[in-house]
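**Student:** output the structure for:
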Amino acid sequence: MSTTVFLTHTSGGTHTSGGTHTSGGTHTSGGGLDGYGYDGLPGNPMQAVGLFETRMAVLVGATPPVLGKGADLGAPRAWGEPAPPYTFTKLPLQEHSPALFQAGARPRWGALLFELVSRTTFSCPPDSQVGCAVLSVQTNAGPKPLVTLCRPTRDYFEAQLDKVVAKAPQRDRRYVEVLTQVGPPLAYYASVVGMQAERHRRTRELIGLALDLAYLVAMRFKLALAVPRPSEFSAVVQPMIEVPQHGSFPAGHATEGHVIAALLTALVPGAAGGAAAQHLRRVAHRVAENRIVAGLHFPADNLSGRLLGDALGQYVLALCGQNADLRHGTFDGALPVGAVAGDMVPGQDDPLYGGAQCSAAALGGAVGKLPWLEALWDEAREEWL
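**Tutor:** Predicted coordinates for the structure are as follows:
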């Protein structure tokens, strides 16, 4: 599993929709100006020098009579006044949603991700009979557990090795899928609902934030529960791609896939309760199963990953001010070896938090919405109307 930042990326020779590009191929979703030294990043020194010289030439003899007032273009930008005459009695409103979207994409991502993470806590109960870890979230009744994952025994995972090896013959047919799904494969979900890169920029930003949260949470569980990969149990597994350098349980791709499915189901008009919602969850199932085919995961990893993804997806929806089926999900790792769970089975009635060894109970408190995230949700929703 790899982290996701949809806000910036590099690829040789890429360009922005505005038709500008840099020789290094870097750009952000905010456009091309920053790559030319205009937004704090001197990506093109020659352009930066040219801008400086032009500014100095233009400003000769053109200093406004009163700085920050009257005809000075900076006044309405700093103070939010729509037209002259300007009055300077207050700064912009604090925590005001327009300020969120006047910021660059990456600063906005940093602020929102901080807010998402700051509402969670992580712990490992010392009195647990099996290895357990708990993700809690802040509610109106104080911190409440959102997800509890209890690690099965070594014998349990060894008993699942046969299920991993049994899927190896499918590698020839799924090779392309496995390779193109190493990172969060957003295109596979986008194809279900017709999501487009430029048309749905806020949607991509919202999903990117949710996936970054999922990455952080999944990695915390993985490191705490410390389950080795199937190839560490047996040399017969022979993974078809490089093995990630972190634990196997819970599965990150299963977590990410069900977070994406939850957000798109709620965002896209008509998706909830229909074929699109079913297909999104089936894509999540397929992507997760491909990780078993590749020899990277046990079925139990995917079951716990789906539970975690369902919980995080509903949690983000609640923070966005949307109706959410928010419960405390638990994966019970204490079952005997003879009760080894099989694969996730996608169906039309595939329930949230569902699956062998998975259960859900009342959260015990209400999660309040996050105004900035709600504002981003509204912007994303507008892209689908």
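**Student:** you'd agree residue 359 is in a strand?
**Tutor:** Yes: assessed with DSSP: H, G, I helix; E, B strand; the rest coil, residue 359 lies in a strand.
**Student:** what's across from it in the sheet?
**Tutor:** Following DSSP bridges, residue 359 is listed with bridge partners residue 330.
**Student:** measure it to residue 248 for me?
**Tutor:** Remark: distance between residue 359 and residue 248 (CB to CB, to the nearest Å) = 22 Å. All C-beta spots, glycine's among them, are computed from the backbone N, C-alpha and C.
**Student:** quick one: which of the two has more around it?
**Tutor:** Counted by other CB atoms under 10 Å, residue 359 and residue 248 do not tie: residue 248 has more neighbours, with 26 against 15.
**Student:** next up, phi/psi of that one, please.
**Tutor:** The phi/psi pair for residue 248 (degrees, to the nearest 10) reads phi -90, psi -30.
**Student:** and the pLDDT at it?
**Tutor:** Model confidence at residue 248, given as pLDDT, is 97.
**Student:** hang on, it packs against residue 302?
**Tutor:** No: the criterion here is CB atoms under 8 Å, and residue 248 misses it with residue 302 at 10.2 Å.
**Student:** what touches both of those two?
**Tutor:** Common neighbours of residue 248 and residue 302, using CB atoms under 8 Å, 6 or more residues apart in numbering, do not exist here.
**Student:** okay, now the closest residue to residue 213 other than its chain neighbours: neighbour count?
**Tutor:** On the basis of CB to CB, 6 or more residues apart in numbering, the spatially nearest residue to residue 213 that is not a chain neighbour turns out to be residue 116, at 4.8 Å. By other CB under 10 Å, 22 other residues sit near residue 116.
**Student:** with residue 284 instead?
**Tutor:** 30.
**Student:** A helix includes it, no?
**Tutor:** Yes: membership of residue 284 in a helix is supported by three-state DSSP.
**Student:** how close does it get to residue 44?
**Tutor:** 41 Å.
**Student:** and what of residue 211?
**Tutor:** Using CB to CB, we find residue 211 at a distance of 31 Å from residue 44.
**Student:** who has more neighbours, those two?
**Tutor:** The residue with more neighbours, out of residue 211 and residue 44, is residue 211; 27 against 17, by other CB under 10 Å.
**Student:** double-check the more buried one against residue 260; I have them as touching.
**Tutor:** Yes: assessed by CB under 8 Å, residue 211 is found in contact with residue 260 at 7.3 Å.
**Student:** from the chain's centre, how far out does the helix ranked longest in the chain sit?
**Tutor:** Longest helix in the chain by number of residues, with DSSP state H as the criterion: helix 201-225. Offset of helix 201-225 from its chain centre (CA atoms, centre = their mean, to the nearest Å): 4 Å.
**Student:** any idea how far the closest residue to residue 219 other than its chain neighbours is from residue 103?
**Tutor:** Counting by CB to CB, 6+ apart, residue 219 lies nearest to residue 246, which is 6.4 Å off, once chain neighbours are set aside. As judged by CB to CB, residue 246 and residue 103 stand 32 Å apart.
**Student:** report the contact partners of residue 93.
**Tutor:** residue 99.
**Student:** which SSE is it in?
**Tutor:** Taking DSSP states H and E as the criterion, residue 93 maps to no regular element, lying outside all helices and strands.
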